[in-house]
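Participant: I would like the atomic coordinates for the input below:
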Amino acid sequence: MGQDAQEALHRRHNPVLECRSFWKAGSFDSSTAAPSSTLGGDLDASDFERARVHPKFLHTNATSHKWAFGAVAELLDNAVDEICNGATFVIVDKVNNPRDDSPVLVFQDDGGGMDPEGIRRCMSLGFSSKGSKKTIGQYGNGFKTSTMRLGADAIVFTKANSGSHVTQSIGLLSYTYLRRTMKDDIIVPMVDFEIIDNQAVPLVFGSQEDWDSNLKTILDWSPFSSREELMLQFEDVRSHGTKVLIYNLWMDDDGLLELDFDDDDEDIKLRDQPNYSGLSKSHKELVQSHISYTLRSSLRAYISILYLRKFSKFQIILRGKPVQQLNIANELKFHKVLTYKPQAGTGSENALVKITIGFAKEAPILGIFGFNVYHKNRLIMPFWKVLQEGSSRGRSVLGVLEANFIEPAHDKQDFERTPLFLRLETRLKQLVLDYWRENCHLIGYQSPNPEIRNMQKHSGKRTHGFAANVAQEVPCSQPIIGLSANARTEFQAAESVIMQPADLHAATADHVTGLAAVSGPNAIPSATAHAPHITCNSEECDEIEHVDVLDSSSIEKISEKNLELFVRRGVLENNNEKLKKTIEELEHELALWKRKISRITVEVENQRKQQASLKQ
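Facilitator: A predicted model of the protein is given here:
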C-alpha cells in the first residue's frame, strides 16, 4: 500500500483534529495549505468569479459564542421557529459515534425539514430566509456558529415533504475535513435523494461524478462508513424533519469534554463551575440550588427559562425527559406590573413594554437580584444585574420583561449597546430603587420612609407582647424561630403562606413545634426571636399588620444561622428517609424469611410424618 493510500486510510479511521481545544483550534499555519491558495498559484477561471472563504473563518465565526449553552440555544431556536411548520418536539440527546464510540450531540425536530435548496441556504454563510417578525433567527449565521462552537464537525439529515414530492438531503460541515486536507476554501459536500415508490433515488443537480465524490467525502469524514448507514438515519425522521449530529466535540485544556454527559443521565452539564468563594458552606449549598446559578452549568435549568411563554403543543426533550418551563415572573412575591414606553420612533415597535417586578420567593435569605430580559420570547440576558453588587438596596428584587424594541447581539447573549438600550438600563435601575424603597419592609428591612418606620415601631410594640404569649405556651427547650426561618420554610414549600390575623397565634405555635425538632441546642436564642413574619399576596398586604422589623445586619446573622439549621434539617430528613427505606427493606426481608421458615417447617413436619408412617 502506497503512502498516499495509507494516509487516506488513516484519515478515514481517525477523522479528528490534532488540537481538540476549541479556543486553540483556530491557531494553525495557513501556509501549509494547498498550492492553489497562494497568490502566485494557478487559479481556475471559476475562482475569479467569486470570493472564497478560508476554513479558519469557520472557527473565527464560532468564537462569537463565549458560552457553549448559547450555541445550544441557537439550535433550539431553529426548532422553535419550525412550530409554524407543524413541529411538536425537539430532541437533545447523546449517542455514540460508531467509528470510535465517542459522544455525539444530537438535535432532532419534526418540523417541515429542508428541501435541497433549503439545506444549501442553511449551510451557506450569512444567508437567511427568515423574514417574519415572530421568528427568532434573522442573521443566517446561527447554525454555522453554533455547530462549530460545540464540535469540530456536524452532519445534517433533513427530509421535506411537499405532497407528491419527497426529498432527503445530507450535508457535511466539517472543520476536520477542511483542516486535514488543507483546503483553502470552505467546501460543504451534500447529496440529495428523491423518494420514488418508497425508494431513495439519487437526485443529481450537477454531474454524477460530483455526486459520487460528495458521497465519498461524507463517508470518509462522517461517523458513517456506508451509504446504508447514512440512510438508516432517516428512519426516525418519519415524513419530515431535521436531525443534526455534532461530533468530535471540543475539549477543555485538561483533555476532558466541555460537555459532561456522565454527571446526570437526564441532563448535560458544563464542567466549568461558577466560583462561590467567600460563602459559608450552608449559604453555598443554597446558592448552588437556585436557578440563577444552576443555569450556568445545567442545560436543563437553562432551557427551563429560555423561552418566556410556555409552549402549548411543543416540547423540548432533553435526554429522554421533557423540560419543564419556568417563568420567574410567576415566582415573585409582592409583584407589580409596570409599563415602559421606549422612545423607538413610530410603528408597532413603540408599544408599551410590560415589566413584572417583585421579590424573589427566597427573600430575604438569598440576595439574588436582576432582570430576565427576553427578545421575541427568547431569553437574552438572564438575571441581568442593573445595580452593582454589595449594596443592600435592591436585594432580592427580580424582574422580567420582553424587549422587542432593541436588537440582540449576534450570539443572542447580550444586546447591542445602542442609546435605546442605555435608556432602558437607566430606567430599570430607577425602577429597582423605587420598588425597594417602597417595599423593602415587606421582607424585613427597615424602610427609608419615616412614616413606614414609625408604623413598624408601633406595630413592633404590640407584637412583642404577642411573642411573649407564644413563648409561654411552648417549653423553654423549644425556642421560637423568627423571621428568617419562616422565610426558609416558605422557600421549602415553594409558595407564600397566606393567613388571617386570627389564625396567626395557632399557626405560630405549630410552626415552632415543628422546627424545634431539628433546631436542637444550636437554635437561635429566644431573646433574638420575634413573632413570625407572615407573607401575603400583594392584594392582601394591607389587611395584615407587619411585625417587628430587624435591621439588615441582624437579618444577615439570623439568615446565616437559619441556613445552617435548614441544611441540618435537610440532612436529618434525608437520614430519616434512608432509615425508613432500610426498615422497609428489613421488614420485606423478614417477611421472606418467615415465609421460608414456614415452608421449611411444613416440609420438616411432612417428612416426620412420612418417617413415622414408614416405621409403623
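Participant: Show me the strands in the stretch 101-250 of the chain, by range?
Facilitator: According to DSSP state E, counting those that start in this stretch, the stretch 101-250 of the chain carries its strands in the segments 103-109, 151-161, 166-174, 190-196, 199-203, 241-249.
Participant: closest to Ile597 out of those strands?
Facilitator: The minimum distance between Ile597 and those falls on strand 103-109, with 51.1 Å, by C-beta to C-beta. From N, CA and C alone the C-beta is placed, and that goes for glycine too.
Participant: which helices and strands sit right next to that closest one?
Facilitator: Here strand 103-109 touches helix 68-80, strand 89-96, strand 241-249, going by 3 or more C-beta pairs under 8 Å, 6 or more residues apart in numbering; DSSP states H and E.
Participant: Run the angle between the second one and helix 68-80 for me.
Facilitator: Angular relation of strand 89-96 and helix 68-80 on a 0 to 180 degree scale: 130 degrees, by axes from the mean of the first three to the mean of the last three C-alpha atoms, to 10 degrees.
Participant: Of the strands of the stretch 101-250 of the chain, give the one that comes closest to Lys336.
Facilitator: strand 103-109 (38.0 Å).
Participant: which residues touch that closest one?
Facilitator: For strand 103-109, the external contacting residues (C-beta atoms under 8 Å, 6 or more residues apart in numbering) are 75-76, 78-79, 82, 87, 89-97, 150-151, 223, 236-237, 241-247, 249, 257, 259, 261.
Participant: could you flag which of the residues you listed are buried?
Facilitator: By neighbour count, with 16 or more other C-beta atoms under 10 Å, the contacts of strand 103-109 hold 75-76, 78-79, 82, 87, 89-92, 97, 150-151, 223, 237, 241-247, 249, 257, 259, 261 as buried.
Participant: thinking again about what came up before, for Ile305, which of the helices and strands packed on strand 103-109 is the nearest?
Facilitator: Among the helices and strands packed on strand 103-109, helix 68-80 comes nearest to Ile305, with 11.1 Å by C-beta to C-beta.
Participant: I'd like the distance between Ala152 and Asn606.
Facilitator: Going from Ala152 to Asn606 by C-beta to C-beta, to the nearest Å gives 73 Å.
Participant: Compare the two (neighbour count), which wins?
Facilitator: Set Ala152 next to Asn606 and count neighbours by other C-beta atoms under 10 Å: Ala152 wins out with 27 against 10.
Participant: what's the closest non-adjacent residue to that one?
Facilitator: Here the nearest residue to Ala152 in space, its sequence neighbours aside, is Asn248; by C-beta to C-beta, 6 or more residues apart in numbering that works out to 4.1 Å.
Participant: what's the answer for Trp67, then?
Facilitator: Gln413 (6.4 Å).
Participant: would you say that neighbour is within a strand?
Facilitator: No - assessed by DSSP: H, G, I helix; E, B strand; the rest coil, Gln413 does not belong to a strand; its assignment is coil.
Participant: Correct me if wrong: it contacts Met381.
Facilitator: Yes - judged on C-beta atoms under 8 Å, Gln413 makes contact with Met381 at a distance of 7.4 Å.
Participant: List the residues that contact the nearest residue to Ser174 once chain neighbours are set aside.
Facilitator: The spatial neighbour of Ser174 that comes closest, neighbours along the chain excluded (C-beta to C-beta, 6+ apart), is Asp153 at 4.4 Å. Counting by C-beta under 8 Å, 6+ apart, Asp153 touches Pro15, Leu172, Leu173, Ser174, Tyr175, Thr176, Tyr177, Trp221, Ser222, Ile246, Tyr247, Asn248.
Participant: Run through the chain and note the low-pLDDT ranges.
Facilitator: For the chain, residues meeting the criterion pLDDT under 70 lie at 1-15, 17-52, 126-141, 273-285, 344-350, 456, 458-564, 566-567, 570, 616.
Participant: can you rerun that using 50?
Facilitator: By pLDDT under 50, the low-scoring segments of the chain are 1, 3, 6-7, 10-11, 30-43, 45-49, 127-140, 348, 463-552.
Participant: longest helix anywhere in it?
Facilitator: Secondary structure of the chain per DSSP state H: the longest helix is helix 552-615.
Participant: That one - contacts with which helices or strands?
Facilitator: Other helices and strands packing on helix 552-615, by 3+ C-beta pairs under 8 Å, 6+ apart, are helix 281-288, helix 483-493, helix 501-519.
Participant: how close does Arg180 sit to Ser174?
Facilitator: Going from Arg180 to Ser174 by C-beta to C-beta gives 9 Å.
Participant: tell me the contacts of Asn574?
Facilitator: Under the criterion of C-beta under 8 Å, 6+ apart, Asn574 has no neighbours.
Participant: Tally up the residues packed near Lys412, please.
Facilitator: Neighbours of Lys412 under the rule other C-beta under 10 Å: 25.
Participant: and if you look at Arg238?
Facilitator: 11.
Participant: measure it to Val323 for me?
Facilitator: 22 Å.
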